[in-house]
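Participant: Sequence and predicted structure below; questions after.
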Amino acid sequence: MSHHRSRQFSVRLKELLPILAVALTVGAIAALSVLAPRLGDSTQASADASPSPSAEPLEASPSAEPEPLPKFKTFKAPPAIDKIPKKPKIDPCAVPRNLTVMTFNIKGGKVSPGELGGIADVIRSAGADVVLLQEIDQNRRRSGNVDQPAIIASHLGMQSVFGANAYITDRGGYGTAILSRFPIEGYDNTHLPNSGGKEQRGVLRANIIVEGQRLVVFNTHLDHTSDSLRQAQIGAVMAKVNAYDGAKLLGGDLNAGHGSGVLGTALATLSDAGASLGASHDGGGRVDYLLPNSWLAAGDGNVSPTRLSDHHAVTVDFSMRGAADC
């Protein structure tokens with residue numbers, strides 16, 4: 001009997017649970033609707049009671065003083081540049097370049113280091129700007145193991161380049177040199193045809209910048225024993241000379257006189273600047289030449305015998321134009 005009553009109670013409880021859930025939900029909603037306005041009033045009252053941080057300004061401390069603002073220097077803007085200024089045009093024909101050129105065979109470099117100052121004196125006295133030296137040594141025992149071109153150039157405040165045609169030792173040799181008070185921008189030395197174990201010869205080239213204008217200078221010393229060999233050598237020299245445009249000059253010891261085939265080959269494209277100067281050797285012959293092309297006009301010239309060599313120093317003044325059509 002009791003078991004039957006318990007079962008009935010469980011069934012009724014299950015039926016009442018949904019009703020109870022609805023009743024609780026409704027009660028909760030009603031309670032919240034009553035309490036919400038009161039809670040809002042309380043929060044607003046609390047906010048009104050607390051002082052605003054910006055309501056009243058803080059009073060400055062009587063001992064504090066305002067720091068001065070840093071001062072800055074005011075710079076004025078630079079004026080606007082409308083156009084870049086152009087470089088003035090220079091008429092290459094209106095300003096000829098004047099220079100003095102010397103060729104000098106110093107007799108195999110067979111001078112003591114102390115006599116190199118004497119060679120420098122000969123150059124200085126002539127006022128030469130460009131100098132072509134033949135038979136000059138570089139670091140050879142017979143001439144004191146010194147760099148002759150560099151020493152002579154140092155006496156004159158010039159630049160120097162050297163072309164070795166015979167290498168006597170690992171440290172130096174024998175050949176030709178070019179000295180210049182103008183900048184030298186590039187040089188080379190080319191060996192010339194040879195035969196029968198004769199002394200090797202060459203042609204030394206240097207690009208010299210004379211007041212902005214290039215002058216190509218060639219210095220050579222041809223064989224003194226065989227005319228046929230000299231002819232082959234001057235042919236090689238002129239092939240090199242003719243490969244360059246602009247102002248150029250060939251000088252040196254050609255070991256050939258007036259009317260020779262060697263000189264005739266050179267004069268096919270060059271001119272003889274010292275034709276009226278006379279002998280350039282103690283033996284009475286003329287073998288040392290300065291041969292410019294048409295870009296250089298020859299002026300005064302001079303032949304100066306010295307005690308330092310059996311050759312004389314040959315000097316000519318030139319005026320070099322700056323363009324082909326001047």
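Facilitator: Nice, thanks for sending it over. Numbers count the residues shown, from 1 in each chain.

Participant: what about the helices in the stretch 151-300 of the chain?
Facilitator: Taking DSSP state H, counting those that start in this stretch, the helices of the stretch 151-300 of the chain run over residues 227-241, 261-266.

Participant: Domain-wise, how is this structure divided?
Facilitator: 1-42, 97-320 (automatic domain parsing).

Participant: ranking the ones you listed by burial, who's on top?
Facilitator: domain 97-320 (a mean of 19; mean count of other C-beta atoms under 10 Å). From N, CA and C alone the C-beta is placed, and that goes for glycine too.

Participant: Could you list the low-pLDDT ranges of the stretch 51-200 of the chain?
Facilitator: For the stretch 51-200 of the chain, the stretches with pLDDT under 70 are 51-66, 69-92, 109-110, 112, 169-170.

Participant: where do the strands sit along it?
Facilitator: Secondary structure of the stretch 51-200 of the chain (DSSP state E, counting those that start in this stretch): strands at 97-105, 130-138, 159-166, 173-180, 184-191.

Participant: Tell me which of the helices of the stretch 151-300 of the chain lies nearest to N293.
Facilitator: Smallest distance to N293 across these (C-beta to C-beta): 8.4 Å, for helix 227-241.

Participant: Tell me which other helices or strands the closest one touches.
Facilitator: The elements that helix 227-241 packs onto, with contact taken as 3 or more C-beta pairs under 8 Å, 6 or more residues apart in numbering; DSSP states H and E, are strand 202-210, strand 213-221, strand 247-253, helix 261-266.

Participant: Which among the ones you listed is found nearest to A236?
Facilitator: Going by C-beta to C-beta, the one of those nearest A236 is strand 202-210, 7.4 Å.

Participant: what's the angle from the closest one to strand 130-138?
Facilitator: Counting by axes from the mean of the first three to the mean of the last three C-alpha atoms, to 10 degrees, strand 202-210 lies at 140 degrees to strand 130-138.

Participant: for Q138, what are its contacts?
Facilitator: 147-149, 162, 164, 172-175 (C-beta atoms under 8 Å, 6 or more residues apart in numbering).
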